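[1] Have a look; sequence and predicted model below, questions after that.
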Amino acid sequence: MSEAPAADAVIGRLRGRLEELSRAHEEAARELADPAVLADHARYARTAKRHAELSQIVDTHAAFRAAREDAQAARELAADADAGERAALLDEAAGLDARAVALAARLRLLLLPGDPLDDKNVIVEVRAGAGGDEAGLFAGELYRMYARYAERQGWALEEMSASAQGVGGVKELVFRVAGEGAYSRLKHESGVHRVQRVPVTESSGRIHTSTASVAVMPEAEEVDVEIAPGDLRLDVYRSSGPGGQSVNTTDSAVRVTHVPTGLVVSCQDEKSQVQNREKALRILRARLLQMERDRAARERADLRAGQIGTGDRSEKIRTYNFPQSRVTDHRIGLTVHNLAEVLAGHLDEVVGALADEEQRRRLEVLSSPDGPPPEGR
């Protein structure tokens, strides 16, 4: 049975939204011809981008309608044609049906509501969990994995705060990743990562299980999170640990407390109070933004249909098994047997599978007769 009728049903449910976007497309075209818009470079750029996005939707919808109409016309002609011509016309109709199905799928993707934070830079926190020194070593390996992935993507990475644990391990490390699509590619990394291997200090050869938690937060600008000056308490103190002379001999470390929530952020890696204060505030803004998103998600659990798992740090999301060179993402049941490559920053297969699953879930909601109308377009 042809899939074209099902595509008709899906597009039919979206008719109202498509008509609304068509009107918005016409309005954007008129604005682009307005001298006032032409004189305002920022407004013109925004309008041109919007017009281009809407053009893709409008043109795809028009192509879908044309394919369905041409297919119907070919079948009507086939009814009155001789045997030889009838076969050719029915083949043409079938080809047009297939094209319509493909165009409907593309249209559904174009109508998917975009995550407004996908283009944000991110602040990532990696913390050692259960497992003592081995957990600290694993946390350091996760940081290096993300650093190598960021390098492969052409993103910039900035270490913001670090606390060592044991020999060569990490108790906590906070870093910033800046680049196109950083949040969209890394947002599903939040959660508990588990490692199974024989620690170098284990003489009996037993496999131990250790954990580290990862939190990926969109970087918040001052306009995203408003912090009243009276809500902050700043304390300065002398830095500890390795560092330059001025780091360890002056009161350059900064501790920022957000009084209403009790959130505390400390930074001591830079040589000046000003630099440490700025880093601490950037981390604090990201945490406050994430708290607000978590609150909204709890109130409306279906707000983001594409969410993979809960994103909570307490949720075990992935296991890195060294004896079997295996990496398993438990949320989507994906297993790859190239652990060394994954830890070397080759995350595209895993990250891509998670993005595909997010898209699949969002499409399910969009295609459902009871699903919410698409937003954000």
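    Great, that's in hand.

[2] Pro116 and Ser161: what is the separation?
    Distance from Pro116 to Ser161, counting by CB to CB, to the nearest Å: 27 Å. The C-beta positions use only the backbone N, C-alpha and C, and glycine is treated the same way.

[3] Between these two, which is the more surrounded one?
    Remark: of Pro116 and Ser161, Ser161 carries more neighbours, 20 against 9, as counted by other CB atoms under 10 Å.

[4] pLDDT value on the residue lying closest to that one once chain neighbours are set aside, please?
    Using CB to CB, 6 or more residues apart in numbering and skipping the chain neighbours, the partner closest in space to Ser161 is Val174 (4.2 Å). Per-residue pLDDT puts Val174 at 91.

[5] ok, the helix or strand harbouring Val174: who's next to it in the sheet?
    If you go by DSSP states H and E, Val174 is part of strand 169-178. Strand pairing for strand 169-178, determined by DSSP bridges: strand 122-128 (antiparallel), strand 156-165 (antiparallel).

[6] Which positions within whichever helix or strand comes after the first one qualify as buried?
    So that's strand 122-128. Next helix or strand after strand 122-128 toward the C-terminus (DSSP H and E): helix 133-153. For helix 133-153, burial by neighbour count (16 or more other CB atoms under 10 Å) applies to 133-143, 145-150, 153.

[7] could you say what helices and strands helix 133-153 packs with?
    strand 122-128, strand 156-165, strand 169-178, helix 182-186, strand 191-197, strand 208-218, helix 339-343 (3 or more CB pairs under 8 Å, 6 or more residues apart in numbering; DSSP states H and E).

[8] quick one: average confidence on the fifth one?
    I take that to be strand 191-197. Mean predicted lDDT for strand 191-197 stands at 94.

[9] for the fourth one, same thing?
    The average pLDDT for helix 182-186 rounds to 92.

[10] Same question for the longest one.
    Mean pLDDT, computed over strand 208-218, is 92.

[11] Next: the last one.
    Within the predicted structure, the mean pLDDT of helix 339-343 is 97.

[12] next one: that helix to chain centre, how far?
    The chain centroid and the centroid of helix 339-343 are separated by 21 Å under CA atoms, centre = their mean, to the nearest Å.

[13] What of the first one?
    Remark: strand 122-128 is offset 15 Å from the chain centroid, using CA atoms, centre = their mean.

[14] Now do it: everything it contacts.
    Defining contact as CB atoms under 8 Å, 6 or more residues apart in numbering, one finds that strand 122-128 is touched by 135-136, 138-139, 142-143, 146, 160, 165, 169-177, 182-183, 186-187, 189, 212-219, 282-283, 286.

[15] who touches stretch 82-102?
    Stretch 82-102 is contacted from outside by 2-4, 7, 64, 67-68, 70-72, 74-75, 77-79, 81, using CB under 8 Å, 6+ apart.

[16] May I see the PyMOL selection of the buried members of those residues?
    In PyMOL, a selection of the buried entries from those looks like this (16+ other CB under 10 Å):
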select buried, resi 4+7+64+67+68+70+71+74+75+78
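
[17] Mind picking the lowest-pLDDT entry from the contacts of stretch 82-102?
    Ranking the contacts of stretch 82-102 by pLDDT, Ser2 lands last with 61.

[18] tell me what the longest helix that the chain contains is packed against?
    When the chain is parsed with DSSP state H, its longest helix is helix 41-79. Here helix 41-79 touches helix 4-13, helix 15-32, helix 35-39, helix 83-111, going by 3+ CB pairs under 8 Å, 6+ apart.

[19] Of all those helices, which one comes closest to Gly345?
    Proximity to Gly345 (CB to CB) singles out helix 83-111 among the helices and strands packed on helix 41-79, at 28.2 Å.

[20] Just give me the neighbour total for Arg282.
    For Arg282, using other CB under 10 Å, the count is 22.

[21] so Gly191 sits right up against Val216, yeah?
    No. Counting by CB atoms under 8 Å, Gly191 sits too far from Val216 to count as a contact (9.3 Å).

[22] any idea where the helices of the stretch 251-377 of the chain begin and end?
    Using DSSP state H, counting those that start in this stretch, the helices found in the stretch 251-377 of the chain span residues 273-299, 339-343, 348-367.

[23] Quick one: closest of the ones you listed to His51.
    Closest among those, once you apply CB to CB, is helix 348-367, at 23.1 Å.

[24] Please consider this matter closed, and thank you.
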